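1. fold the following, please.
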Amino acid sequence: QLFPHGSLFCEKQLLPSREWRGSGDDLENMYHEFRVTHKRALTNQFGPAVPFKSVAHLKAAQRLVAANGPIDGDTLVRGLQTTLPMGDLNATCFAEVAHLNLLRKHGACSLADLASYRQPPPRGDLWEMLMVDDHVVAQDVPRRAQGVRYADDDVLERSDAAYASEHLKPKKSKRFRRETTFTAIGARVDGRRGWASSKLELILLGVAMSTGIATTRKATGSALTSAVSLWGHALLF
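-> Numbering: from 1, shown residues only. Here you go, the predicted structure:
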């Protein structure tokens, strides 16, 4: 219910004297920052059973010996993931709500400013979007507003404090700040012209897949589903 979609940017009504600037963060290895219970870890097996001697050099194996005593090298053991796996059907929900509550605890991501696909767009000049490990902040400001402080400046400072409090690290390569042309949540936004569309690479991928299917007259179910999904995404803008 909280997830946004890039087409929400099309709902923004931008006056000629204003521009829209965006900022964003993408948290690094977010799922691996969640620690699950022992009971849940027992359901998170990966890979086949292997002899203990083949994994005895791993830190996890050394912790197992420290907790349970010596283990025969031929004993079969299984790898279990003690962090939240992306294949968990609830993982996105857990991550989304935890991310939201962490930001709200530090004064960011007010529900009045949160844009989600199933709700009317926010009425104010500040919009926030949250998609699992992505956090986007968009602010409507007067043109040539350099040197003036706005609400997005406060939100970004509070967000950084929130991440630091739990040792979460936004990816430096994906961080952007107060840019009037930016890409976020599958959308390409030009905040000077008041223009939004699907990301160009998604449109080109849809064209390539469609022409490939039409030319060869062959398609797998997954290829056809992907092509239709890409056009569905683009046409929402």
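2. and the closest residue to Phe9 other than its chain neighbours, how many residues sit next to it?
-> Ranked by C-beta to C-beta, 6 or more residues apart in numbering and with sequence neighbours excluded, the top spatial neighbour of Phe9 is Ala196, at 4.0 Å. Any C-beta I mention is one placed from the backbone N, CA and C, and that applies to glycine too. Neighbour count for Ala196, taken as other C-beta atoms under 10 Å: 19.
3. just the pLDDT at Ala196, thanks.
-> For Ala196, the pLDDT comes out at 95.
4. what's the answer for Phe52, then?
-> Model confidence at Phe52 (pLDDT) stands at 96.
5. also Ala66?
-> You'll see Ala66 listed with a pLDDT of 95.
6. so who does His135 touch?
-> Shown in contact with His135 (C-beta atoms under 8 Å, 6 or more residues apart in numbering): Gly24, Asp25, Leu27, His99, Leu103, Cys109, Glu128, Met129, Ser159.
7. for it, helix, strand, or coil?
-> Following DSSP: H, G, I helix; E, B strand; the rest coil, the label given to His135 is strand.
8. gap between it and Val97?
-> His135 sits 14 Å away from Val97, going by C-beta to C-beta, to the nearest Å.
9. likewise Ala60?
-> Taking C-beta to C-beta, one finds Ala60 at 29 Å from Val97.
10. now do the helices in this structure.
-> 38-41, 59-68, 91-105, 151-165, 200-216, 221-235 (DSSP state H).
11. mean pLDDT lowest for which of those helices?
-> When I compare the helices of the chain, helix 38-41 is least confident, with a mean of 88.
12. other residues contacting that helix?
-> Helix 38-41 is contacted from outside by Leu80, Gln81, Thr82, using C-beta under 8 Å, 6+ apart.
13. which one of these sits closest to Tyr31?
-> Of all the contacts of helix 38-41, Gln81 has the smallest distance to Tyr31: 9.6 Å, by C-beta to C-beta.
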